[in-house]
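S.K.: The sequence isn't on hand, but the structure is:
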Ligand code: HEM
């Protein structure tokens, strides 16, 4: 957490913004392009690599590793996705190992390495490697899905983008986009003590499946939950989880989403939907396989 707090997230946001500006320039004349493959994936790989301070992996090969891991989160529903996920995890581990063999760029990992100098504690080493894996894969897969879902929501709400010219609405708006159609649908927790939730007793050791996405549309918590209210305040949504294990990448994710909106706002042309989008057939993560769009005046 100290290493994370030491990172310059504004600089990461500025780099994300210039990467997006350049990418949108390249895509300006294209009759149709896939937002997922051509915007969300390279943007997310760049942001996470900047944050961790590692050389950017080849986007296409990393995307296939990440997708297999993401799909294997549904192994409880479809056991066939478990083995490809295990193989992809091995490939991810090899990639992470390569980061520890090279000196690396400045970033979170070099901060950890410098501050752990002289430490012979191999357990610490394992934790650092495991955290690097979780951050890269967890950060990438959620970010790429969040960018796609946010763009899709904006395409379906044509006035929303302009409302976020107001910096206050931009701040609240990126959170509302995650509440409205966030990528992480749920997680599970194991009760460490008996507890009663909504009139149901959960015993020690029992697993509880928590559906963040359902909670984010709970009318008891959110007025007009099916409305996109970009200035919604308070907005105590669970798109980044809650409590001790809530998302540590929230600020990086908010910064990146703001860079995306600002870049779209500054673009002289407007993004429009092209062919129909294709949702990914996954349960734990909500994302698009294909999100065709085009820029036109
Ligand atoms: C819009 C993008 C993102 C979304 C929607 C998101 C969402 C989440 C959610 C729902 C959790 C689970 C919280 C829980 O179990 O209570 C989580 C955990 C986590 N996220 Fe994110 N995340 C995003 C981006 C990132 C980024 C960019 C990083 C890091 C670079 C990151 C790193 C992590 C880590 C390490 C955890 C585990 C925390 C723990 O178990 O203590 N996330 N995230």
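M.R.: All right, it came through fine. Just so you know, these numbers come straight off a predicted model, no measurement behind them.
S.K.: got any ranges where the stretch 1-150 of the chain has weak pLDDT?
M.R.: 103, 117-124 (pLDDT under 70).
S.K.: Indicate the residue of it located nearest to the ligand.
M.R.: residue 139 (3.0 Å; Cβ to the nearest ligand atom). C-betas here are computed from N, CA, C, even on glycine.
S.K.: could you list every residue that touches that residue?
M.R.: If you count contacts by Cβ atoms under 8 Å, 6 or more residues apart in numbering, residue 139 has them with 44, 47, 48, 51, 249, 252, 253.
S.K.: Which other helices and strands does the helix or strand encompassing the fourth one contact?
M.R.: When secondary structure is defined using DSSP states H and E, the element that contains residue 51 is helix 41-52. The contact analysis (3 or more Cβ pairs under 8 Å, 6 or more residues apart in numbering; DSSP states H and E) places helix 41-52 against helix 9-27, helix 59-72, helix 108-115, helix 122-156, helix 250-266.
S.K.: Would you reformat those as JSON lines and include distance to residue 35?
M.R.: Output for the helices and strands packed on helix 41-52, formatted as JSON lines (distance: least, Cβ to Cβ, whole Å):
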{"stretch": "helix 9-27", "distance to residue 35": "9"}
{"stretch": "helix 59-72", "distance to residue 35": "14"}
{"stretch": "helix 108-115", "distance to residue 35": "28"}
{"stretch": "helix 122-156", "distance to residue 35": "5"}
{"stretch": "helix 250-266", "distance to residue 35": "10"}
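S.K.: Export the contacts of residue 139 as JSON lines, with columns for distance to residue 149 and neighbour count.
M.R.: Below are the contacts of residue 139 laid out as JSON lines (distance: Cβ to Cβ, whole Å; neighbours: other Cβ atoms under 10 Å):
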{"residue": "44", "distance to residue 149": "13", "neighbour count": "27"}
{"residue": "47", "distance to residue 149": "16", "neighbour count": "27"}
{"residue": "48", "distance to residue 149": "18", "neighbour count": "28"}
{"residue": "51", "distance to residue 149": "21", "neighbour count": "23"}
{"residue": "249", "distance to residue 149": "16", "neighbour count": "20"}
{"residue": "252", "distance to residue 149": "17", "neighbour count": "23"}
{"residue": "253", "distance to residue 149": "12", "neighbour count": "23"}
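S.K.: near the ligand, which of those residues show up?
M.R.: By Cβ under 6 Å from any ligand atom, the members of the contacts of residue 139 lying near the ligand are 48, 51, 249, 252, 253.
S.K.: how about the residues of the stretch 51-200 of the chain near the ligand?
M.R.: So the stretch 51-200 of the chain meets the ligand at 51, 134-135, 138-139, 142-143, 146, 178, 182-184, 187 (Cβ under 6 Å from any ligand atom).
S.K.: just those now: which is nearest residue 228?
M.R.: Residue 228 lies nearest to residue 178 out of these, by Cβ to Cβ, at 11.4 Å.
S.K.: Let me know how buried residue 197 is, in neighbour terms.
M.R.: Around residue 197 sit 10 other residues, with neighbours defined as other Cβ atoms under 10 Å.
S.K.: Now do it, the pLDDT please.
M.R.: Residue 197 carries a pLDDT value of 89.
S.K.: And stretch 94-113, end to end?
M.R.: 18 Å (Cα to Cα, to the nearest Å).
S.K.: Please compute how far it lies from its chain's middle.
M.R.: 21 Å (Cα atoms, centre = their mean, to the nearest Å).
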